[in-house]
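Enquirer: need a 3D model of the sequence below.
(2 chains)
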Protein chains: 2
Amino acid sequence: MTLTLITYDWLPEFPRGFVRDLRVRWVLEELGRPYLVETVPAHPRSEAHREMQPFAQVPVIRDGELTLFESGAILMHLGEGTALLPGPRRAEVTQWLFAALNTVEIAVIRWETMVLAERIPEFFGPAPAGEVTAHARQELDTKLAALEQAVAERDWLAGAFSIADVAMTEVLRVPESEGALEGYPVLSDYVARAAARPAFKKAMADHMGHWQQADAARAASGQA
Amino acid sequence: MTLTLITYDWLPEFPRGFVRDLRVRWVLEELGRPYLVETVPAHPRSEAHREMQPFAQVPVIRDGELTLFESGAILMHLGEGTALLPGPRRAEVTQWLFAALNTVEIAVIRWETMVLAERIPEFFGPAPAGEVTAHARQELDTKLAALEQAVAERDWLAGAFSIADVAMTEVLRVPESEGALEGYPVLSDYVARAAARPAFKKAMADHMGHWQQADAARAASGQA
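Expert: Below you'll find the model as predicted:
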């Protein structure tokens, strides 16, 4: 059954390497599942996009008759019954998947949007005062310190590598890219081990290749 | 099999009615499952708490041999195979559960922590300038407007009432409590319909009763 991954047609430099189609590509590579890529316009979003995805976000997948959005739900759907979400560890894997996409990511995004507002206010809005960002960083550090302790006790979150590790790595790569994992050797090592997996490397290469092709297509069509 | 819900021993007024044990109580009432309540200290958090829940958050449940945290994972575990998470609509329900706990809640909490910082800075840190909060509100409004359209097309998110509606209602009750759903008649009606369910009313009564008992116990022991 053909699987299709839908992502944006083109994006500027700053989100590349962090767009959420990457985590879906990663899981598909782990599973050895081939897939096609289709695109939707990023600017402006299309009605066809909103019909598939009410928030006009990516990724979306089509898997046979099923069209599905939300990367957490896509990871669960793809992982179902495989070594990445095995039945006997379903509850434990799901627990850590939500820890990544709710508990940790809420703290990451709250802080990261403040940091990005300092660099790209035209996209992220006015930057708050330094003490506000510092407080958000403290809140994030509370979560990271707890996670550092938890990960110190295991190789992977739910015993063996799972979709929860894909999600947690993707969430942690954001503070890592800002140097905010420097005080967390266990988490730094965890992200490095996950990113050393051949499936991650292939997914990242294809993800970045997608944007490079998009650049080339724009150049060929005379767009800046 | 006895089910135990673990929540805090006592909390001040402001988070009552919004603590995440409520959504678990709600699902248990929908399913007609009896449960026991145990508590962990809120201030300071205990080591026993951290051993069950690395981030020292609530809720946690014990269901037979299984100890489980993250309310999203608990909802999936309890709903599994029931009308609240039926097999044939598993992917669709999961999609909307993540829409609630990732896409919508991230925008809600980013804005809500700014609003709360104006009222309770000793807990939520220094308040950002008004223009920063206004930008976070715009980002939230983008999500709410998209959700308003999506909900207008259906009674419940995934066809019939599911754990996704429990989670989305709980996420939306936060902006509702700040008057931020006023421009969204469909979402206001959605939350009102969900909150009118007998299971929600029973869960809320028991949730608030828990804090009242905790107040009485503190008063009896001579604490303020």
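Enquirer: hey, where'd the helices end up in chain A?
Expert: For chain A, the helices defined by DSSP state H cover A:21-31, A:47-52, A:71-79, A:90-98, A:105-119, A:121-124, A:130-152, A:163-177, A:185-195, A:198-220.
Enquirer: weakest of the ones you listed in terms of mean pLDDT?
Expert: Across the helices of chain A, helix A:121-124 has the smallest mean pLDDT, namely a mean of 90.
Enquirer: list the helices and strands it packs on?
Expert: helix A:105-119 (3 or more C-beta pairs under 8 Å, 6 or more residues apart in numbering or on different chains; DSSP states H and E). (Glycine included, C-beta is placed from N, CA and C.)
Enquirer: how many degrees apart are the helix it packs on and helix B:105-119 in direction?
Expert: 70 degrees (axes from the mean of the first three to the mean of the last three C-alpha atoms, to 10 degrees).
Enquirer: just the CA coordinates of helix A:105-119, formatted as CSV?
Expert: Listed next in CSV are the C-alpha coordinates belonging to helix A:105-119 (Å, rounded to 0.1, in the frame of the first residue of the first chain):
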residue,chain,number,x,y,z
GLU,A,105,7.7,20.3,24.2
ILE,A,106,5.4,22.9,25.9
ALA,A,107,8.3,24.1,27.9
VAL,A,108,10.6,24.0,24.9
ILE,A,109,8.3,26.0,22.6
ARG,A,110,7.4,28.5,25.3
TRP,A,111,11.2,29.3,25.7
GLU,A,112,12.2,28.9,22.0
THR,A,113,9.6,31.3,20.7
MET,A,114,11.0,33.9,23.0
VAL,A,115,14.6,33.2,21.8
LEU,A,116,13.5,33.3,18.2
ALA,A,117,11.6,36.6,18.7
GLU,A,118,14.9,38.2,19.5
ARG,A,119,16.3,37.1,16.1
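Enquirer: ok and that helix relative to helix B:130-152, angle-wise?
Expert: Using the same axes, to 10 degrees, helix A:105-119 lies at 130 degrees relative to helix B:130-152.
Enquirer: any idea how far helix A:105-119 is from the middle of the chain?
Expert: Centroid separation for helix A:105-119 versus its chain: 15 Å, with C-alpha atoms, centre = their mean, to the nearest Å.
Enquirer: so which of the helices of chain A is nearest B:Asp215?
Expert: helix A:130-152 (27.4 Å; C-beta to C-beta).
Enquirer: so is the closest one next to chain B?
Expert: Yes: with C-beta under 8 Å from any C-beta of the partner chain as the measure, helix A:130-152 is seen reaching chain B through A:131-132, A:135-136, A:138-139, A:143, A:146-147, A:149-150.
Enquirer: show me which of the residues you listed is closest to A:Arg45.
Expert: Among the residues of helix A:130-152 next to chain B, and counting by C-beta to C-beta, the member closest to A:Arg45 is A:Ala136, at 28.3 Å.
Enquirer: just give me the neighbour total for the closest one.
Expert: 24 (other C-beta atoms under 10 Å in any protein chain shown).
Enquirer: my guess is it meets A:Ile106, correct?
Expert: No: here A:Ala136 does not reach A:Ile106: they are 10.8 Å apart, not a contact under C-beta atoms under 8 Å.
Enquirer: mind giving me the PyMOL select for the residues of helix A:130-152 next to chain B, buried ones only?
Expert: A single PyMOL command selects the buried members of these (16 or more other C-beta atoms under 10 Å in any protein chain shown):
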select buried, chain A and resi 132+135+136+139+143+146+147+150
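Enquirer: kindly reformat the residues of helix A:130-152 next to chain B as TSV containing distance to A:Trp26.
Expert: Below are the residues of helix A:130-152 next to chain B laid out as TSV (distance: C-beta to C-beta, whole Å):
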residue	distance to A:Trp26
A:Glu131	37
A:Val132	34
A:His135	33
A:Ala136	28
A:Gln138	31
A:Glu139	28
A:Lys143	23
A:Ala146	25
A:Leu147	20
A:Gln149	26
A:Ala150	22
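Enquirer: for B:Met76, state which of the residues of helix A:130-152 next to chain B is nearest.
Expert: Looking across those and measuring by C-beta to C-beta, the closest to B:Met76 is A:Ala150, at 20.4 Å.
Enquirer: excluding chain neighbours, what is closest to that closest one?
Expert: B:Pro54 (3.9 Å; C-beta to C-beta, 6 or more residues apart in numbering or on different chains).
Enquirer: got the domain boundaries for chain A?
Expert: A:3-83+A:199-220, A:87-197 (automatic domain parsing).
Enquirer: closest one to B:Phe14 among the ones you listed?
Expert: Per C-beta to C-beta, nearest to B:Phe14 of the domains of chain A: domain A:87-197, 17.1 Å.
Enquirer: circling back: now do the residue nearest to A:Ala150, the pLDDT please.
Expert: Looking at B:Pro54, the pLDDT reads 98.
Enquirer: same question, A:Gly222
Expert: 83.
Enquirer: distance-wise, check it relative to A:Asp21.
Expert: 27 Å (C-beta to C-beta, to the nearest Å).
Enquirer: do A:Glu153 as well
Expert: 32 Å.
Enquirer: so who does A:Glu118 touch?
Expert: Applying C-beta atoms under 8 Å, 6 or more residues apart in numbering or on different chains, we find A:Glu118 in contact with A:127, A:133.
Enquirer: can you rerun that using 6 Å?
Expert: A:Ala127 (C-beta atoms under 6 Å, 6 or more residues apart in numbering or on different chains).
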